[in-house]
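Undergrad: With the sequence up front, the predicted model follows.
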Amino acid sequence: MLLYIHIPFCDSKCFYCAFNSYTKKSSLKDKYIKKLIKEFKYLVSKYKIKKESFDTLYIGGGTPSCLDAKLYEELFFYLNPYLKKGIEKTCEANPNSANFAWQNNMKKLGITRLSFGVQSFDDTKLKILGRNHNKKTALKALEDAQTLGFESVSCDIIYGLKNDNIKMLKKDLEFIQSLEIKHLSAYSLIIEEGTKFEKKSYLKIDDEILSKDFFNHLESLGFIQYEISAFAKEKKYFSKHNIGYWDYKPYLGLGCGAVGRIGDTRYYCEKNLEKYLGENLEEGLEKKSEKDFYYDFETLSKEDIKTEKMLLGLRSFVGFELDILNKDEQAKVLFLLKENKLFQKGSKIFAKDFLLCDELALYILD
Ligand SMILES: C[S@@+](CC[C@H](N)C(=O)[O-])C[C@H]1O[C@@H](n2cnc3c(N)ncnc32)[C@H](O)[C@@H]1O
Ligand code: SF4
């Protein structure tokens, strides 16, 4: 099982981002950690989770690095017995807040992998994106992480803005190469509802050709693409947590706005921070949780699960089992195999080109 913890705080809001995060509620950070602990205890009891059950931990956000590392100490005290030994423990970080001391303290708490929201090393582009860091801050944060010796350091890059071109992206990759970063998540910009970018949709370009050039260049630098947005220098740097999602492992989601899935039930945690915290923190969760007050539940049908497994499998090197499909769908897969759009290894089917995965899935399920 996987464990995801959501930290819904950011120091500022980036113009493209629709993640569940608050920028003006710093005073609630302390309470938030306490509530996370309560929620963890509640979910562990609800789902009868045994000690040493979790295969990976991922702390995401929002911006986990805008919480003092000290606040995580108590949380880890409760989490640790439930984590298997020697597992990957990722924490997302913003270069602006993830200073040397913060990184050092998180490493001491057992974080093995830092994933930095770098987005670009171009100061003009960073300004357009509404980031609160610049190239210098990003380089310093990444150097610190390398100095501290995290098992893995990853960078998020965004591409597909109006003025993006392959030359700029290659320049970003030069920095990544020179810092010997082994993992990269490269996201094609999505114009999300309710963001500043939504009102400026001209900022997004049709990036199919750019993606291809970019992916080819990454390959020439020795990066293996193991998902549509994920690249690593060696297999050992692949994100085990994300592979767990694509492999359809169950995951416990914890925190304001988090999502979890246990068996065929997906649950959505309360998105509103004040509601999540409850008026009375001392009683809060235990009392209301009897009625599952904080969650919306969704029961996934067999069709839902099949679609999700196929989509996730086609987007990544994980693939999907042919026999989850019905006869008609399998016939379409055979056609796509002949057309060289898919390939088969044993009982599993894989996409040849991750960029086509959504179209292929639509064709198979139509
Ligand atoms: C939770 S953030 C990472 C950590 C931290 N909050 C930060 O931004 O520095 C996750 C990543 O999602 C990506 N992302 C967020 N919104 C996006 C969008 N609209 N389009 C493409 N990528 C996006 C960014 O690359 C971002 O780094
Ligand atoms: S990209 Fe990261 S730092 Fe920016 S608003 Fe979103 S979660 Fe916060």
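TA: Perfect, I can see it now. Residues are numbered from 1 along each chain as shown. Ligands and ions are numbered 1, 2, ... in the order given.
Undergrad: The closest residue to residue 219 other than its chain neighbours: what secondary structure?
TA: Excluding the flanking residues, the one nearest residue 219 by C-beta to C-beta, 6 or more residues apart in numbering is residue 225, at 7.0 Å. (Each C-beta comes from the backbone N, C-alpha and C, glycine too.) At residue 225, secondary structure determined by DSSP: H, G, I helix; E, B strand; the rest coil is strand.
Undergrad: how many neighbours does residue 225 have?
TA: Number of residues near residue 225 (other C-beta atoms under 10 Å) recorded here: 18.
Undergrad: quick thing: my sequence starts at 20, can you match it?
TA: Happy to do that; since the first residue is 20 now, the last one works out to residue 244.
Undergrad: State the next helix or strand along the chain beyond the helix or strand bottoming out on mean pLDDT in the chain.
TA: Least confident helix or strand, the chain: helix 303-308 with a mean of 47, by mean pLDDT, DSSP states H and E. Remark: after helix 303-308, the chain's next helix or strand is strand 314-318, criterion DSSP states H and E.
Undergrad: Can you name the next helix or strand after that following strand?
TA: helix 321-334.
Undergrad: Could you report the pLDDT at residue 297?
TA: pLDDT for residue 297: 81.
Undergrad: Isn't it up against residue 53?
TA: No - between residue 297 and residue 53 there is no contact under C-beta atoms under 8 Å: 10.9 Å.
Undergrad: With neighbour numbers in mind, choose between these two.
TA: For residue 297 versus residue 53, neighbours defined as other C-beta under 10 Å are more numerous around residue 297 (21 against 16).
Undergrad: so how far is ligand 1 from that one?
TA: 25 Å (C-beta to the nearest ligand atom, to the nearest Å).
Undergrad: Kindly report the same for residue 198.
TA: Distance from residue 198 to ligand 1, by C-beta to the nearest ligand atom: 16 Å.
Undergrad: Same question for residue 162.
TA: Counting by C-beta to the nearest ligand atom, the gap from residue 162 to ligand 1 is 17 Å.
Undergrad: Contact partners for that residue?
TA: Contact partners of residue 162, counting by C-beta atoms under 8 Å, 6 or more residues apart in numbering, are residue 198.
Undergrad: secondary structure class for whichever residue of the stretch 20-169 of the chain sits closest to ligand 1?
TA: Closest approach between the stretch 20-169 of the chain and ligand 1, counting by C-beta to the nearest ligand atom: residue 136, at 2.0 Å. Under three-state DSSP, the three-state class of residue 136 is strand.
Undergrad: That one: neighbouring residues, count only.
TA: If we define neighbours as other C-beta under 10 Å, then residue 136 has 26 of them.
Undergrad: Check the contact between it and residue 114; I expect there is one.
TA: Yes - counting by C-beta under 8 Å, residue 114 is a contact partner of residue 136 at 7.3 Å.
Undergrad: looking at it, residue 356 is touching residue 369, isn't it?
TA: No - with contact defined as C-beta under 8 Å, residue 356 does not count as touching residue 369 (10.2 Å).
Undergrad: For these two, list the residues in contact with both.
TA: When contacts are counted by C-beta under 8 Å, 6+ apart, the set common to residue 356 and residue 369 consists of 362-363.
Undergrad: Is ligand 2 within reach of the lengthiest strand in the chain?
TA: Of all the segments assigned as strand in the chain under DSSP state E, the longest by residue count is strand 102-112. No - judged by C-beta under 6 Å from any ligand atom, strand 102-112 stays clear of ligand 2, getting no closer than 7.6 Å.
Undergrad: Would you mark the buried spots in that strand?
TA: Using 16 or more other C-beta atoms under 10 Å as the burial criterion, the residues of strand 102-112 that qualify are 102, 106-112.
Undergrad: just stretch 189-208 next, same as before
TA: Neighbour-count burial for stretch 189-208 flags 191-192, 194-195, 198, 200-205, 207-208 (criterion: 16+ other C-beta under 10 Å).
Undergrad: Next, give phi and psi for residue 115.
TA: The phi and psi values for residue 115, taken as degrees, to the nearest 10, are phi -70, psi -40.
Undergrad: Am I right that residue 47 is in contact with residue 297?
TA: No - under the criterion of C-beta under 8 Å, residue 47 makes no contact with residue 297, lying 11.7 Å away.
Undergrad: where does the stretch 120-269 of the chain have low pLDDT?
TA: Counting by pLDDT under 70, the stretch 120-269 of the chain contains low-confidence ranges at 221.
Undergrad: Can you show me the strands along it?
TA: Taking DSSP state E, counting those that start in this stretch, the strands of the stretch 120-269 of the chain run over residues 132-138, 171-178, 202-207, 243-246, 249-251.
Undergrad: Help me confirm that residue 43 is found in a strand?
TA: No - going by three-state DSSP, the assignment for residue 43 is coil, not a strand.
Undergrad: That one and ligand 2, how far apart?
TA: Residue 43 sits 13 Å away from ligand 2, going by C-beta to the nearest ligand atom.
Undergrad: Run a quick neighbour tally on that residue.
TA: By the criterion of other C-beta under 10 Å, residue 43 has 9 neighbours.
Undergrad: The residue nearest to residue 266 when sequence neighbours are not counted and ligand 1, how far apart?
TA: In space, and not counting its chain neighbours, residue 266 is closest to residue 337: 5.4 Å by C-beta to C-beta, 6+ apart. Per C-beta to the nearest ligand atom, residue 337 is found 21 Å from ligand 1.
Undergrad: In the stretch 120-269 of the chain, what residue lies closest to ligand 2?
TA: residue 136 (4.9 Å).
Undergrad: what sits against that residue?
TA: Applying C-beta under 8 Å, 6+ apart to residue 136 gives the contacts 82, 111-114, 150, 175.
Undergrad: Thanks again, I'm all set now.
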